[in-house]
Every structure is written in structure tokens, then in C-alpha cells.
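Peer 1: Build the 3D model from these lines:
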Amino acid sequence: MFEYLAVPYSHPDPKTREYRFEMANKIAAKLMSEGRMIYSPISHCHPIAQYGLPKDWEYWKKYDLLFLKMAKRLILVTLDGWRESKGIVKEMEIADFLNIPIAFFDPMLMEITFVMINVEKK
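Peer 2: Down below sits the predicted model:
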């Protein structure tokens, strides 16, 4: 099983989207160098989206849901804008619904700083 890397992405400024893409790659590489199996939807989908596809959550949610359902953990990267990100909010809600633990990754420290274990719902 793999861990799903959630990074805020959507933004009106293309430079901000590019920065977030680069950070997703950098963080995914760090985690993979530690032996973790990582799926990074931003790393996978950003290059594809450059060929005329939408860059918002509404379009990509079906792909993200498919992979998130198979993940053993969601690693949430706390880049600026993560609290306002529609995609991050939805990914957290889905992880919570599916009882997938959520880990918070601090991009300044380049490490996981907190893990939230979901309690199974009755």
C-alpha cells in the first residue's frame, strides 16, 4: 500500500501552481528516499493538465478519490493556502470518512510533525 500526498494546488497565479508542483515533487522525493511508497497526484497530474485540462478540484476529484481509497495514509503538506484549498478540505473529509489516518507534513522542517488517527465511526 502507499501513502497519498495531499498538496494545495489550485491558484489563479500560474507561478504559484508551478511552485506547489515543485514542492510536491521535492517532498515526494524526500519521503520516497526514506523508503515510503508515495502517490503524489500533483506530481502526476500537473504535467498532464498543461495540455488543456482543467486545473481545479472539480475535474480531478474522481482521480484523487480512486487513489485515496487505496491509500494507507494521507500526508497533508501544510504549504500556504492549505486551509483554504477545496481539494485539501475534500481529501481530509474523504480520509476521515474512510478512516484513513492523516499525517501533517511541515514543508519548512521537511518532516511529518503530527499524525491524526481517525476513530472508527459507529
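Peer 1: now the helices for this structure?
Peer 2: Secondary structure of the chain (DSSP state H): helices located at 14-33, 41-49, 57-68, 86-97.
Peer 1: Dump those helices to CSV, plus mean neighbour count.
Peer 2: Glycine gets a C-beta too; all of them are placed from N, C-alpha and C. Shown next, in CSV, are the helices of the chain (neighbours: other CB atoms under 10 Å):
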stretch, mean neighbour count
helix 14-33, 16
helix 41-49, 18
helix 57-68, 14
helix 86-97, 17
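Peer 1: export the ones you listed to a markdown table and tack on mean pLDDT and distance to residue 116?
Peer 2: Below are the helices of the chain laid out as a markdown table (pLDDT from 0 to 100; distance: least, CB to CB, whole Å):
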| stretch | mean pLDDT | distance to residue 116 |
| --- | --- | --- |
| helix 14-33 | 97 | 18 |
| helix 41-49 | 92 | 20 |
| helix 57-68 | 90 | 15 |
| helix 86-97 | 93 | 9 |
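Peer 1: for the ones you listed, which one sits closest to residue 75?
Peer 2: Nearest to residue 75, of all the helices of the chain, is helix 14-33, at 7.1 Å by CB to CB.
Peer 1: hang on, the earlier thing: which one, of the helices of the chain, ends up nearest to residue 80?
Peer 2: Here helix 14-33 is closest among the helices of the chain (CB to CB), at 8.9 Å.
Peer 1: can you state the direction angle for that closest one and helix 41-49?
Peer 2: On the basis of axes from the mean of the first three to the mean of the last three CA atoms, to 10 degrees, helix 14-33 is oriented at 130 degrees to helix 41-49.
Peer 1: so what does helix 14-33 touch, helix or strand wise?
Peer 2: Contact analysis of helix 14-33 by 3 or more CB pairs under 8 Å, 6 or more residues apart in numbering; DSSP states H and E lists strand 3-6, strand 38-39, helix 41-49, strand 73-77 as its packing neighbours.
Peer 1: and the angle for that helix with strand 73-77?
Peer 2: 140 degrees.
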